[in-house]
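A.B. asks: Kindly return the folded structure for what I paste below:
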Amino acid sequence: MPGIVVHNPNSSASELTYTFFHSKVDPMHTRTAIYGAIADYLGHTPRIQELLKKWDERTLYFETGILMQGIGSLKNDHDAKRRLLTNLAKNMTPSQDEALVRLAFEYTRREWKAVNELRNLIHKDGRIAYVLNFHFSLGKTATYIRGMADTLIGIAAEKRKDEIDMSLRSCDARINLNDLLREILPQLGGSGGGHPLAAGARVPERNFEYLINKLNESLDSIIT
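C.D. replies: Residues are numbered from 1 along each chain as shown. Next up is the predicted model:
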């Protein structure tokens, strides 16, 4: 099937979608593009910054927070997510969905509770902090433990059968998690990848410590 590929690693999918279709959609949908860009930590691009000038930035950050925290609470409730998508397509703001607002606030309270619990569960190995089997968002957990431990990479992992699934987060521009994982994981019978500063991976349980060691070796060669 013929198609058009729209790709830019420095822009969010929502920005790229809006850019491609903007002449065909209601200008009010600039809000939706901004929600997605902020949620992907890519709200700093020139186009999104230009779109933000049409709105009060604080209000859109608030709306994005409701949206993303609510989605976090929905987990695998795909029917609810489809209803949410329908509301966004109708140009409703997240704050207009009272059920979503309640879920967002409940999820945020759980998140701060999780942050307090994490302090005593973090393992630190070289330039990496990790936690195993902590029942909260893997991505958020990886971000928090990296900050708490002041390491280059945070890893939140959980055991699933005989494998370890994980999310990895960094904030150092010298590091490209996608490149590191694609180089290391095939050696360990694993798979994964993602973005330079946010990625996911899976390895056999027996090789999790080897992955930590390999990542530390790579970081030692990158960071001087």
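A.B. asks: For the most centrally placed residue in the chain, what is the enclosing helix or strand?
C.D. replies: What sits nearest the mean C-alpha location of the chain, by CA atoms, centre = their mean, is residue 139, with 5.6 Å. Per DSSP states H and E: residue 139 is located in helix 138-149.
A.B. asks: Just the C-alphas of that helix, formatted as PDB.
C.D. replies: Extracted in PDB, the C-alpha atoms of helix 138-149 (Å, rounded to 0.1, in the frame of the first residue of the first chain):
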ATOM      1  CA  LEU A 138       8.400   1.600  34.800                       C
ATOM      2  CA  GLY A 139       9.200   4.800  32.900                       C
ATOM      3  CA  LYS A 140       8.400   7.200  35.700                       C
ATOM      4  CA  THR A 141      10.100   4.900  38.200                       C
ATOM      5  CA  ALA A 142      13.300   4.900  36.100                       C
ATOM      6  CA  THR A 143      13.200   8.700  35.900                       C
ATOM      7  CA  TYR A 144      12.800   9.100  39.700                       C
ATOM      8  CA  ILE A 145      15.500   6.700  40.700                       C
ATOM      9  CA  ARG A 146      18.000   8.200  38.300                       C
ATOM     10  CA  GLY A 147      17.400  11.600  39.900                       C
ATOM     11  CA  MET A 148      17.400  10.300  43.500                       C
ATOM     12  CA  ALA A 149      20.600   8.400  43.100                       C
END
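A.B. asks: hmm, back to that, the closest residue to the residue nearest to the centre of the chain other than its chain neighbours: neighbour count?
C.D. replies: Spatial nearest neighbour of residue 139, excluding adjacent residues (CB to CB, 6 or more residues apart in numbering): residue 167 at 4.6 Å. Where you see a C-beta, it was placed from the backbone N, CA and C, and this is true even at glycine. Neighbours of residue 167 under the rule other CB atoms under 10 Å: 22.
A.B. asks: Residue 167 in helix, strand or coil?
C.D. replies: Secondary structure state of residue 167, per DSSP: H, G, I helix; E, B strand; the rest coil, is strand.
A.B. asks: pLDDT score for it?
C.D. replies: Here, the pLDDT recorded for residue 167 equals 98.
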